[in-house]
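A.B. asks: 3D model of this:
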Amino acid sequence: MNHSLAALTAATAFTWLGTVVGVSLLETPLRFRALRNHVEEDAEATRLGLGIGRLVFRALNTAEAVLAVVTVVAVLVAGPTVAVAVLTGIVAVLLTVQLAAVRPFLQRRSSRVLAGEHPPRSGAHHVYVTLEMLKVPALIALGATALAAL
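C.D. replies: Below you'll find the predicted structure:
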């Protein structure tokens with residue numbers, strides 16, 4: 001694998017990892033906890049959290065898409081090892097499922113909540129979180145495997 005492209009792959013994987021950890025695992029749970037501690041009505045806290053979350057996740061998903069494209073292009077051009085190619089495919093598929101299948105459902109549901117409706121609980125949020133939890137070790141493995149190719 002080309003050394004400079006292996007370094008770029010590692011850098012994008014670890015940058016991508018940092019965005020996912022920072023937003024999904026730190027900011028989001030803290031946002032809802034802070035809102036519930038400072039907003040008297042739980043429904044209002046939920047609406048505020050969802051409104052902010054939609055903006056934050058739109059930015060996160062945009063950054064992830066850019067990082068995914070850079071990673072995939074670098075790997076395709078680099079003549080990757082099998083491990084790097086497989087790990088790149090895994091993170092790309094996980095992100096694609098999140099963006100194409102789960103996020104639109106969450107967007108529709110959050111729009112209903114923001115409009116004052118009370119839709120039934122959904123498992124889509126848990127699916128999204130599960131995909132994030134799978135993406136974290138895959139990104140760690142991709143970054144480490146790309147670094148090992150240096």
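A.B. asks: chain center to the helix or strand L5 falls within, what's the gap?
C.D. replies: Assigning secondary structure by DSSP states H and E places L5 in helix 3-20. On the basis of C-alpha atoms, centre = their mean, to the nearest Å, helix 3-20 is displaced by 15 Å from the centre of the chain it belongs to.
A.B. asks: now stretch 111-124
C.D. replies: Per C-alpha atoms, centre = their mean, the centroid offset for stretch 111-124 relative to its chain is 21 Å.
A.B. asks: swap in stretch 135-149?
C.D. replies: Centroid separation between stretch 135-149 and its chain, computed with C-alpha atoms, centre = their mean, is 16 Å.
A.B. asks: list the contacts of the least confident helix or strand in the chain by mean pLDDT.
C.D. replies: Among the secondary structure pieces of the chain, namely its helices and strands, helix 28-38 has the lowest mean (mean pLDDT, DSSP states H and E), a mean of 86. If you take C-beta atoms under 8 Å, 6 or more residues apart in numbering as the criterion, helix 28-38 is touched by 42, 45-46, 48-49, 52-53, 56. The way it works is simple: take the backbone N, C-alpha and C, and place the C-beta from them, glycine included.
A.B. asks: and those residues, which are buried?
C.D. replies: Neighbour-count burial within these applies to 45-46, 48-49, 53, 56; the criterion is 16 or more other C-beta atoms under 10 Å.
A.B. asks: give me the angle between the longest helix along the chain and helix 3-20.
C.D. replies: Secondary structure of the chain read by DSSP state H shows that its longest helix is helix 42-78. Relative orientation of helix 42-78 versus helix 3-20 (axes from the mean of the first three to the mean of the last three C-alpha atoms, to 10 degrees): 170 degrees.
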